[in-house]
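Novice: can't give you the sequence, but here's the structure:
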């Protein structure tokens, strides 16, 4: 990514306080290691589903009422979420790979769980919709917060929020669009610039 004027929204990362609360003295709400591993695997699996176009696997890992809150779009069920990616593969997925880092999983008092990670979106091949540059290139970096709940003893993704996104100059976004992508999810509705 090229240098740009610092965006105040990106000067430090905003994460839920509950992430850190699990490490304070007296925290008794714990998740079993097997639960954490299942959740982490499914986080990574979703990114591989995008990269391989294996949308049918989403039915096994997403709740039917799955919500995606992303600067690109907001979707309120699994079917429309899948359709967004299927209908826009050329722009959103071709020549692109998704990678998660710094994954942390913690329990919630209501027996759900939350997973937090950094999302890197990488360009690995030139396409008709991505400008020609040396490969690979970092297209975007964001914070991903995912709520999980159990259905029939299986952890499933129920709500995905992606915010605090820095976007590469490859996309040619103006300052207003960059600010929109960098905003926290709760601020985006005020800015109102969904792309899809």
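Specialist: Thanks, I have it. Just so you know, these numbers come straight off a predicted model, no measurement behind them. Numbering: from 1, shown residues only.
Novice: in this structure, which helix has the most residues?
Specialist: helix 33-52 (DSSP state H).
Novice: buried set for it?
Specialist: Of the residues in helix 33-52, those with enough neighbours to count as buried (16 or more other CB atoms under 10 Å) are 35, 36, 38, 39, 40, 42, 43, 46, 47, 49, 50. In short, each C-beta sits where N, CA and C put it, glycine included.
Novice: cool, and stretch 140-154?
Specialist: Of the residues in stretch 140-154, those with enough neighbours to count as buried (16+ other CB under 10 Å) are 140, 141, 142, 143, 144, 145, 146, 147, 148, 149.
Novice: picking that back up, what pLDDT, on average, does the longest helix of the chain get?
Specialist: Taken as a whole, helix 33-52 carries a mean pLDDT of 97.
Novice: can you list the residues that contact that helix?
Specialist: The contact list for helix 33-52, computed with CB atoms under 8 Å, 6 or more residues apart in numbering, reads 54-55, 57-58, 61-62, 85, 93, 96-100, 103, 105, 113, 115, 117, 119, 144, 146, 148, 154-157, 160.
Novice: Just the buried ones from those?
Specialist: The neighbour count (16+ other CB under 10 Å) marks 58, 61-62, 85, 93, 96-98, 100, 103, 105, 113, 115, 117, 119, 144, 146, 148, 155-157, 160 as buried among those.
Novice: In helices only, show me the residues you listed.
Specialist: With helices taken from DSSP H, the overlap with the buried ones among the contacts of helix 33-52 comprises 58, 61, 85.
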